[in-house]
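S.K.: attaching a predicted model along with its sequence, questions to come.
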Amino acid sequence: MRGPVRYRRTSLEDVSQIEEMEGTYFLEEAFGRRQIRYLLQSPNAIALTAEECGRFGRAHPPQAGSPATSNGKVLGYIIGLGRRGSSAVRIYTFCVRKDYRLKGIGTSLLQRLERECQRRGVSSLILEVGEGNSSALRFYKKNGFVEFSRTPGYYTDGTTAVRMRKVIASSQL
């Protein structure tokens, strides 16, 4: 990595970079611009981003002609959504750029999501991952997720989804 990483809430200004990453890493299952915007605008969303910062720990300055609040290069993101009154948040999408994996960014995003869930009184996280995605399955198991069911043919290519859950300890705030 060239500079430090800054973690923050995801903004609508990140949609283009998230859409690009979705298309690169998730192919047929990628969320498009409308779906990403919908998730980010939901009052029950928890969306966090890791971005590359400059040498002085700040986001890169905006490019000429871009909005003053432009953000740096998105290295990873996680977007979860809960239903009103539900004790669970479903992780809809979670990605770290390939050249930034195994550097703690994914673990940090997941931990920050968990802390926000604790703050909101959420007791569990739920997600689906393709049964052939061994690196993601290892990552989730290492981070406390356990399989609770499988859904054959869940993905458009016919792949089975492994449904996983993590119970979140109550916050001691």
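M.R.: Looks like it came in fine. These numbers were taken from a predicted model, which means no experiment stands behind them.
S.K.: show me the contacts for I18.
M.R.: 10, 31, 36, 74, 77, 93, 95 (CB atoms under 8 Å, 6 or more residues apart in numbering). All C-beta spots, glycine's among them, are computed from the backbone N, C-alpha and C.
S.K.: now what about the lengthiest helix in the chain, what contacts it?
M.R.: Longest helix of the chain, by residue count under DSSP state H: helix 105-119. With CB under 8 Å, 6+ apart as the contact definition, helix 105-119 has outside contacts at 5, 7, 46, 48, 50, 75-78, 80, 89, 91, 94, 96, 125, 139, 143, 166, 168-171, 173.
S.K.: I'd say A161 and E128 touch.
M.R.: Yes - the criterion here is CB atoms under 8 Å, and A161 meets it with E128 at 4.1 Å.
S.K.: any common contacting residues for the two?
M.R.: Counting by CB under 8 Å, 6+ apart, the residues touching both A161 and E128 are 151, 154.
S.K.: how about the strands in the protein?
M.R.: 5-9, 45-52, 74-82, 88-96, 124-130, 146-151, 161-167 (DSSP state E).
S.K.: that older thread, which of the contacts of helix 105-119 are buried?
M.R.: With burial judged by 16 or more other CB atoms under 10 Å, the buried subset of these is 5, 46, 48, 50, 75-78, 80, 89, 91, 94, 96, 125, 139, 166, 168.
S.K.: and the pLDDT for G82?
M.R.: pLDDT for G82: 89.
S.K.: and the residue nearest to Y92 when sequence neighbours are not counted, what does it touch?
M.R.: Computed as CB to CB, 6 or more residues apart in numbering, the closest residue to Y92 that is not its neighbour in sequence is I79, at 5.2 Å. Taking CB under 8 Å, 6+ apart as the contact definition, I79 lies against 10, 36, 39-40, 45-47, 91-94.
S.K.: could you measure from I79 over to T93?
M.R.: 5 Å (CB to CB, to the nearest Å).
S.K.: joint contacts of these two?
M.R.: 36, 39.
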